[in-house]
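# Structure of the sequence below:
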Amino acid sequence: MITIIGSINFDLIARSPKLPEPGETLTGREFSTAAGGKGANQALAAARAGVPVRMVGAVGNDAFSAQAVALLRADGVDLSRVATRGPATGIALITVEDSGENTIIVIPGANGLITEDDVNAADLDGGYLLLQMEIPLPALEKAIAVSEASETTCILNIAPWRDDAANLLPRADIIIANETEFDLASIQLELSGADRQEKMIDFAEHYGRTLIVTLGAQGVMVATPEEHYRLPALPITPVDTVGAGDTFCGYLAAGLDSGLSLREACERAAKAASLACLKTGAQPSIPYAAEIA
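Below is the predicted model:
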C-alpha cells in the first residue's frame with residue numbers, strides 16, 4: 001500500500017509559442033484544464049502503475065473540487081481521507097511553450113489547510129509514504145515523524161524546493177529531486193564535492209539515505225550508501241513536460257511496493273516519465289502500466 005499525503009489542484013493551462021518575458025503579453029495558441037497537484041499526480045501515477053493507493057489531502061468547497069479528484073476516483077485511488085476544507089481548491093496557472101518547457105504559479109487553497117490531524121488520520125502502519133512540499137511544513141514534519149515510528153518507508157520529493165524544509169531530507173528514507181532542487185538543497189546542507197555526483201555521494205554516505213536526482217532528457221542519477229549509478233531516459237521529442245517528475249515519483253514508489261529493486265524501479269519510472277512528456281496536461285499524460293511494458 002502506498003499512502004500519499006499531498007496537494008490536490010486544478011490546473012489552468014495556456015500554450016504559447018514561447019514563455020513571456022517580464023512585462024510581455026503574448027497571444028496563446030490554446031487553453032485547457034486538467035486535474036493536478038503534485039500529491040494527486042503522484043497518487044494517480046502509482047495507481048496507474050497497478051498498486052493500491054490511498055490519498056490524504058483536501059479540496060475546497062467550490063466548483064473545481066469534483067473535477068480535481070475525478071481521475072483519481074476513476075482509477076481507484078482511495079479518497080476516503082480527502083477532506084473538504086475552506087472555500088477554494090488549489091489552483092495551478094501553467095504556461096507551456098512549444099518546446100515543452102513550462103512555468104507554473106500555484107495558489108494553495110485547501111492544500112494550505114492540511115494539518116497534523118490529517119496525518120494522524122492516515123493511519124500509517126508500514127508500506128510506503130510518498131510526500132512532496134506543496135503542503136504546510138508542520139504536516140510534513142508530522143508525516144515523517146509518524147513514518148519513523150511506524151516502520152513506514154518515507155519517500156520525499158523535494159518539490160517545490162523550500163529552504164525551511166532542508167532539515168527534513170536526512171530523515172526521509174529516499175529523496176527525489178530534480179537537478180535544480182538538489183543544487184539548492186546541497187547549498188543548504190553544505191554538501192562537499194566538486195560536482196553534482198560527488199555531492200550526491202556525500203549526502204548518501206553521510207546520512208545513510210538514498211538520493212535520486214532526475215535530469216530530464218539526460219536521465220536519472222542515483223546514490224545510495226553502497227553505490228551510485230546513472231540511468232538513461234527514453235529518447236523522445238517532448239510535447240509537454242508538466243507532470244513528468246510526478247509520474248517518475250509515483251512509478252518509483254509503485255515499483256518498490258511491487259518488490260522491484262531500486263535500480264529496476266528507477267528504470268521503469270524513467271520510462272514512464274519519458275512517455276508522460278508525449279501528451280499534454282499533468283494527469284491526462286500519465287501512462288498506464290501496459291504502456292510501459
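
# switch to C-alpha atoms for all contacts and neighbour counts from now on
Will do.

# Excluding sequence neighbours, find me the nearest residue to the residue nearest the centre of the chain.
The centroid of the chain falls nearest to Asp246 when counting by Cα atoms, centre = their mean (3.7 Å). Among residues not flanking Asp246 along the chain, Gln42 sits closest, at 5.0 Å (Cα to Cα, 6 or more residues apart in numbering).

# One more: Ala47?
For Ala47, ignoring the flanking residues on the chain, the nearest one in space by Cα to Cα, 6+ apart is Val53 at 5.9 Å.

# Pretty sure Ala40 is one of the things the one you found touches, is it not?
No - here Val53 does not reach Ala40: they are 10.6 Å apart, not a contact under Cα atoms under 8 Å.

# quick one: which of these two has more around it?
Each of Val53 and Ala40 has its neighbours counted (other Cα atoms under 10 Å); Ala40 has more, 29 against 26.

# Which elements pack onto the worst-scoring helix or strand of the chain on mean pLDDT?
Lowest on mean pLDDT, DSSP states H and E among the helices and strands of the chain sits strand 102-107, with a mean of 87. In this structure, strand 102-107 makes packing contacts with strand 90-97, judged by 3 or more Cα pairs under 8 Å, 6 or more residues apart in numbering; DSSP states H and E.

# any idea of the angle the strand it packs on forms with strand 102-107?
160 degrees (axes from the mean of the first three to the mean of the last three Cα atoms, to 10 degrees).

# Could you give the number of residues near the residue nearest to Gly50 when sequence neighbours are not counted?
Spatial nearest neighbour of Gly50, chain neighbours left out: Ala289 (6.7 Å); criterion: Cα to Cα, 6+ apart. By the measure other Cα under 10 Å, the count of residues near Ala289 is 16.

# Check Asn167 too.
Considering only other Cα under 10 Å, Asn167 is surrounded by 13 other residues.

# three-state assignment of it?
helix (DSSP: H, G, I helix; E, B strand; the rest coil).

# same deal with Glu141?
Look at Glu141: counting by three-state DSSP, its state is helix.

# What about it, how many residues nearby?
17.

# Contacts only, for it.
Contacts for Glu141 (Cα atoms under 8 Å, 6 or more residues apart in numbering) come out as Leu168.

# what's the distance between it and Ile135?
Distance, Glu141 to Ile135, using Cα to Cα, to the nearest Å: 11 Å.

# now do Ser32
25 Å.

# Give me the more crowded residue out of these two.
Ile135 (24 against 12).

# which residues in the stretch 101-250 of the chain form strands?
102-107, 128-131, 153-157, 174-178, 210-214, 220-223, 228-231 (DSSP state E, counting those that start in this stretch).

# and those strands as a markdown table, adding distance to Leu256 and mean neighbour count?
Shown next, in a markdown table, are those (distance: least, Cα to Cα, whole Å; neighbours: other Cα atoms under 10 Å):
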| stretch | distance to Leu256 | mean neighbour count |
| --- | --- | --- |
| strand 102-107 | 30 | 14 |
| strand 128-131 | 9 | 25 |
| strand 153-157 | 10 | 24 |
| strand 174-178 | 11 | 23 |
| strand 210-214 | 13 | 25 |
| strand 220-223 | 15 | 22 |
| strand 228-231 | 17 | 16 |
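
# of all those, which lies closest to Val77?
strand 128-131 (14.1 Å; Cα to Cα).

# Check the offset of that closest one from the chain's centre.
10 Å (Cα atoms, centre = their mean, to the nearest Å).

# Need the residues that contact it.
So strand 128-131 is contacted by 1-6, 39, 140, 147, 152-157, 253, 257 (Cα under 8 Å, 6+ apart).
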